[in-house]
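In: using only what follows, build the 3D model:
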Amino acid sequence: QVQLVESGGGLVQPGGSLRLSCAASGFTLAMSWYRQGPGKERELVAGISSISGSTNYADSVKGRFTISRDNVKNTVYLQMNSLKPEDTAVYYCNARSGTPSNVKISWGQGTQVTVSS
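Out: Now for the predicted structure:
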């Protein structure tokens, strides 16, 4: 099971941009970003395979957010553009590690993103 360290959250005005980073302590099979807004359940925002590079996004962020990875650094990034107040949430990094037959799940501590004027 890897350890995850997130960074990059903060306060931004509507229409602004932020980039989140999540560094893993070791190799991962896939990494994702989830978020949990006030009074809401945690939801998947975007994910990326460390092997194939394939990505997936929630419909609400398609065209605005981009997930990418640096396999050398075991780091995943979430570039968030055209931010909206409804993007306000705690963003959590998630990683799947181990082997396909014995997957281990790790979570970061969360980083707050607030979109407000």
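
In: list the contacts for D70?
Out: In this structure, D70 makes contact with 76-77, judged by Cβ atoms under 8 Å, 6 or more residues apart in numbering. All C-beta atoms are positioned from the backbone trio N, CA, C, and that covers glycine.

In: so it bridges to which residues?
Out: Under DSSP bridges, the beta-bridge partners of D70 are T75.

In: next: G47.
Out: Counting by DSSP bridges, G47 is bridged to S32, N56.

In: could you measure from it over to V12?
Out: Distance from G47 to V12, counting by Cβ to Cβ, to the nearest Å: 23 Å.

In: swap in S50?
Out: Applying Cβ to Cβ, the value for S50 to V12 is 28 Å.

In: helix or strand for G39, which one?
Out: Using DSSP states H and E, G39 maps to neither a helix nor a strand.

In: give me the neighbour count for the nearest residue to R69 once chain neighbours are set aside.
Out: Using Cβ to Cβ, 6 or more residues apart in numbering and skipping residues adjacent in sequence, the residue nearest R69 is V76, 4.8 Å away. As a burial measure, V76 scores 29 neighbours (other Cβ atoms under 10 Å).
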